[in-house]
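From the sequence below, what's the structure:
(one chain, ligands or ions: 1)
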Amino acid sequence: MLRSSLGLLRTYATRTELSKIRNIGIIAHIDAGKTTTTERMLYYSGKINRIGNVDQGDTITDFLPQEKSRGITIQSAAISFKWQKEFKINLIDTPGHADFTFEVIRALKVLDGCVTILDAVAGVEAQTEKVWRQSKTLPKICFINKMDRMGAGYSRTVKELIVKMKTRVALINAPFFKHDPKTQEQIFEGVIDVVNMKTLKWSLEDPDKIEVSDIEKSNEQIFEQLTSCRASLIETLGEYDEELVEHFLDEAEGDYLKIPAAFLKGSIRKATLNRFVTPILCGASFKNIGVQPLLDAIVDYLPSPIEVPYPELNDSNLPITIDSKNGALINRNRNLCVSLAFKVITDPIRGIMVFIRVYSGILNSGSTVFNSTTGEKFKIGKLVLMHADVHEEVNSLHTGEIGVMTGSSIAQRISTGDTVISHSLKKDGLKSLDRKKELPLKINPITVPPPVFSVTIEPRTLGNRSSMEDSLNTLVTEDPSLQITKDEETGQTILSGMGELHLEIAKYKLINELHAAVEIGKVRVSNKETLMESTSSNTISTDAGLRFTISVIPISERPPLPNENWISLGSDNNYLIMEQHEIYDPVKNWKFQMPYGALVNALTSSSIVALYKGGKVAGYPLYDCAVKVHGNWELPLDIQNPTEILSLSRSLVLKVLSSLEETNFAVLEPVMSLEVIVAQKDMGAVLQDLTGARDANILSIDDEHELNGSATGDSNIEFLSVAQNQFLPPDMTMKIAELGNEGGHMKVIRARVPLKSMVAYTNKFRSLTQGRGSFHMAYYGMGKVGND
Ligand SMILES: Nc1nc2c(ncn2[C@@H]2O[C@H](COP(=O)(O)OP(=O)(O)OP(=O)(O)O)[C@@H](O)[C@H]2O)c(=O)[nH]1
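Next comes the predicted model:
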């Protein structure tokens, strides 16, 4: 049953000032506690009145049947709630599993800040490192979760974070424990609030009860920790904030405890927004400890939509100004509304729903909009705000807001990554926007990672083919990290994805939700081919005055992107290079009836199709190649329809490729980064299997949580010294955990390994380690077969 029908969600219709909006994502390694923490945030904000749990499959944000039954997040869920009465937090809970990386990438594109959740026992895990790098431009705060677990190491985790992620930290709170004389265990009870100089102790029985106390000098241990944490915090901020140093020396008379909380918060906020520090908080979400201070920190330290840089646009010459009332204005035009579509889903009741973030202006329901990515104009239907699976209809979405477009006419007309232009006041006002400068504006697209696994899909009967194709199209529209291709030789349809789990979920959707009558083959690795040298260039011309010269080149070396002349061809790392025409500047001197965007779209589509046809070794799709359109092309002035360009350029690309020999192509296979955590006594067997049977290239073997070795990727002396100078309280539960670890230290093996040798590794790994270890695998890149 949907939670909405239980009436547990409250929605909010009133508009919030821009400075009081926070668009944030929750990111982390799988199982760190993102969904558990999100559920508590919803509870404490008053959005729900009963706490759900992942293990019972009744959380608000994991509402898909597969999420409930597997206890993992598969798709990002968006939800809005209020905090401290006046702030509105739009939050996206993202998946942690590496197979769903695209869900994280597309959410990050529209967010202004992040909360990174860390497991206090596991520390900074591989996927956390990855998503941290993917979100490197966003200000972040960190929540060290699972402090109730034996072996939790707050300080060890902070140290790992400083060194691995190369960040300074601001300890906002630190844990305190109660010693249990019966079991000799340290029980996590609450936090020392370093900024407000209080202790916060939660009741284990009542999730709503917190005891807030002043910290007296007589409570020596806690008082000492508070003083040391505050001193370290002020010293760190002092490196960045001169005003704070002056205040400390003058008004506070050199006393760390005399700087008022409000002043300190302002300083932490400045340093966080400029990514000089990462504020750190801790708790145990499952035990309902530490979540309210985390919500305060989101409001206090993460940016509002008017405090973040505008996303990169294709035309960077237009002026962008930001004011606190209207947010960003592009081209100083209040009527210009620019939005980005970042996700498309099919809802059983509303049909196609497109998630969008409005970057400037106001998007109104029922407006006629222009999709500047495809060049199409159409009318949208209603607009809604999403609360997980509950929809709230609104008349408009303003700058900085994240919402959803609906309407029968948007189907097939908007895809993930498209930019949507509209008029902020008139429902049909596109004509009054600048046709050359404003309508073609595009926010730089979302990059799709290449799929590495594939399965064949066949209709059960010939009559099922067209419904199978419709279902596959729906799947790919919702999740562009899935790809459909056709095997030219066998005529089979191939569905490719990011991993075994990704394809398993896609199969489930196809059969159980889209009711496709299909036979699905075995999972296999998706190979590619690349060029070993450039093709010669070839020219095609027609009597009507069309002329193109095209060549295809391998792009092992490419200029720094984004580059206006390099247009991405999707997930195979292929590009279209449009050499500038000597005479026709696409914006200033464009004389043709057909817009420049339509010309580029035609060349893009034809290049994608031609490169998909594959190389000469085994017909695998081409990868790492660029179709270069030389700058001497000619078009008839009155050309309107791009169809001829499309078919001519496709046959030209195929022609130049066919002039190469088979030896000019090389087969590529996916290579994975592997991180294995095993007890010392199992290490020999795991290593032998990896090097002997799986062709792995071992990069390093370290003690878990070791920071001065290759674990950090480089010697990283600066941040090792930052970590050494940072005051960190003693880790209370670690010694007990170490005593209990019979297998000795855990070891971390890092390796690169061809994906084909890792199919179904989970079972083998389990039997080699008797379930005592864990491993994490993520796509590293394509490597030449036999070269890993
Ligand atoms: N002991 C303890 N367990 C926790 C805590 N928070 C979460 N868990 C458990 O950790 C497991 C994973 O929690 P989730 O909230 O699903 O983690 P997640 O990061 O959302 O996982 P994915 O979305 O699948 O990546 C569940 O079994 C939770 O009950 C905590 O504070 N303490």
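
Residue 422 touches residue 365, doesn't it?
No: the pair residue 422 / residue 365 is not scored as a contact, 10.9 Å apart, by CB atoms under 8 Å. Heads up, the C-betas are built off the backbone N, CA and C, glycines and all.

who has more neighbours, these two?
Legend: neighbour count by other CB atoms under 10 Å for residue 422 and residue 365, higher for residue 422 (25 against 19).

Check the secondary structure at that one for me.
Here residue 422 is strand, with the state taken from DSSP: H, G, I helix; E, B strand; the rest coil.

what residues are up against it?
Applying CB atoms under 8 Å, 6 or more residues apart in numbering to residue 422 gives the contacts 337, 339, 361, 363, 364, 367, 368, 369, 370, 429, 430.

can you check residue 784 too?
By CB under 8 Å, 6+ apart, the residues touching residue 784 are 666, 667, 668.

Name the nearest residue to the last one, sequence neighbours excluded.
Okay, so that is residue 668. residue 782 (4.0 Å; CB to CB, 6 or more residues apart in numbering).

residues near the one you found, how many?
Using other CB under 10 Å, residue 782 has 23 other residues around it.

avg pLDDT for the helix or strand it falls within?
Assessed by DSSP states H and E, residue 782 sits inside strand 774-784. The average pLDDT for strand 774-784 rounds to 87.

okay, now the closest residue to residue 493 other than its chain neighbours: neighbour count?
Nearest-residue entry for residue 493: residue 457, 4.9 Å, with adjacent residues in sequence omitted and distances by CB to CB, 6+ apart. For residue 457, the neighbour count with other CB under 10 Å is 22.

how about the residues of the stretch 101-250 of the chain that lie near the ligand?
Residues of the stretch 101-250 of the chain lying near the ligand by CB under 6 Å from any ligand atom: 145, 146, 148, 149.

Neighbour-wise, give me the winner out of these.
Neighbour tally across these (other CB under 10 Å): the maximum, 30 neighbours, falls on residue 145.

Measure how buried residue 202 is and give me the count.
By other CB under 10 Å, the residues close to residue 202 number 23.

wait, it sits on residue 188?
No: using CB under 8 Å, residue 202 is not in contact with residue 188, being 9.3 Å away.

any residues in contact with both of the two?
Common neighbours of residue 202 and residue 188 (CB under 8 Å, 6+ apart) are 287, 289.

how would you label residue 436: helix, strand or coil?
Under three-state DSSP, residue 436 falls in the coil class.

and it, how many neighbours does it have?
Neighbours of residue 436 under the rule other CB under 10 Å: 13.

ok so, going back, and the residue nearest to residue 668, what does it touch?
Contacts for residue 782 were tallied using CB under 8 Å, 6+ apart; they are 450, 528, 530, 573, 623, 624, 668, 669, 670, 671.

okay, now residue 77: neighbour count?
By other CB under 10 Å, 27 other residues sit near residue 77.

Can you check the pLDDT for the spatially closest residue to it that is not a sequence neighbour?
In space, and not counting its chain neighbours, residue 77 is closest to residue 61: 3.9 Å by CB to CB, 6+ apart. Listed pLDDT for residue 61 reads 72.

can I assume residue 61 sits in a helix?
No: applying three-state DSSP, one finds residue 61 to be coil, outside a helix.

separation between it and the ligand?
Counting by CB to the nearest ligand atom, to the nearest Å, the separation of residue 61 from the ligand is 8 Å.

With residue 252 instead?
Applying CB to the nearest ligand atom to residue 252 and the ligand gives a distance of 36 Å.

do residue 576 as well
36 Å.

element containing that residue, please.
Element membership of residue 576, judged by DSSP H and E, is strand 575-578.

so what's the backbone phi/psi at residue 112?
When read as degrees, to the nearest 10, the backbone of residue 112 gives phi -100, psi -20.

Next, count neighbours for it.
The number of residues packed near residue 112 is 23, by other CB under 10 Å.
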